[in-house]
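Asks: Have a look; sequence and predicted model below, questions after that.
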Amino acid sequence: MKAFRRKIISFYRRRKRTFPWREEITPYRIVVSEIMLQQTGVERVEEKFEPFVTKLPDFESLAGAPLREIMEAWQGLGYNRRALSLKRLAQAVIERYSGELPRDRESLLALPGVGEATAGAIMAFAFNVPLAFIETNIRRVFIHHFFTGCQKVSDRQIMPLVEAALDRSNPRDWYYALMDYGSALGGTANNPNRKSSRYAKQAPFHDSDRKVRGDMIRLLLGAGSMAIDDIIDATGHGADRLVPVLCAMVRDGLVTEEAGRYRIA
DNA sequence: CTCCGGCTCT
DNA sequence: AGAGCCGGAG
């Protein structure tokens, strides 16, 4: 474990990455960056982050902003439900905690869009409090170093090692270092995460519901509100294809319907 | 065409 | 436990 830690630290000294959310650290900036980073690569988050927090600089402005405004700032990041989660998270922080992000794992987990990985990252990066957690970069590092030649490695197997390696006096820098190292491993031809039990081949994107939903968000952001037949004309999708997807988006709270017209909620 | 990513709901 | 959710890069 000592050699492992030395390896990570030495890599970090040479190759540490700088990001806007590492340069100026506030709980709000950490929350926004972590939600963005959940399913989006850092390159794209880097472009969107500053414009987003400039337009919506704190929990209060985010909680009060119309969803359409938040979605406009979110465009290009994908998985638009996260933008809605982020607004609901901000509302919860205002209502439950009078605008101050709570500093404990349980309260963070109770916020919309926050699971184990995000709660652990927020505790480390916003508050420098040590919790063991696993996300994709961390998973890569541990599989690469400890599970060479293994297949179907589960997070349950990895977690005790994360726990043992954790620098409890400075978890923020330790996790920066782990993630920078893991990210570098990801760039190599053989991604260690293919040896994770979570690895799965994904369905094609073309003609998926995911694509239709993305098209719909873009269309409605541009148009304001639209009747169903105009949506059918504009997208070229038939009603059979469109209506179930649109219903799901209404159910998710992304879209609302009023007098036969649909718009961003 | 294949690839990446954590949370939510079932 | 497993499926669904996005957009951009290779």
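Replies: Done, it's in.

Asks: so how many other residues sit close to the residue of the stretch 101-250 of chain A found nearest DNA strand B?
Replies: Residue nearest to DNA strand B within the stretch 101-250 of chain A: A:Gly115 (2.6 Å; C-beta to the nearest atom of the strand). To be clear about C-beta, it is placed using only N, CA and C from the backbone, and glycine gets the same treatment. Neighbour count for A:Gly115, taken as other C-beta atoms under 10 Å: 11.

Asks: ok, now which ones touch it?
Replies: Contacts for A:Gly115 were tallied using C-beta atoms under 8 Å, 6 or more residues apart in numbering; they are A:Leu109.

Asks: Tally up the residues packed near A:Phe125, please.
Replies: So A:Phe125, with other C-beta under 10 Å, has 23 neighbours.

Asks: just the one 5 residues further on next, same as before
Replies: Residues within reach of A:Pro130, counting by other C-beta under 10 Å, total 19.

Asks: How about A:Ala3?
Replies: A:Ala3, neighbours per other C-beta under 10 Å, totals 8.

Asks: Name the SS class of it, please.
Replies: helix (DSSP: H, G, I helix; E, B strand; the rest coil).

Asks: Now do the residue of the stretch 101-250 of chain A closest to DNA strand B against A:Gly149, distance only.
Replies: Plainly put, A:Gly115 is 30 Å away from A:Gly149 if you go by C-beta to C-beta, to the nearest Å.

Asks: ok so, going back, while we're on the residue of the stretch 101-250 of chain A closest to DNA strand B, how confident is the model there?
Replies: pLDDT for A:Gly115: 97.

Asks: do the same with the one 3 residues further on
Replies: As predicted, A:Thr118 sits at a pLDDT of 97.
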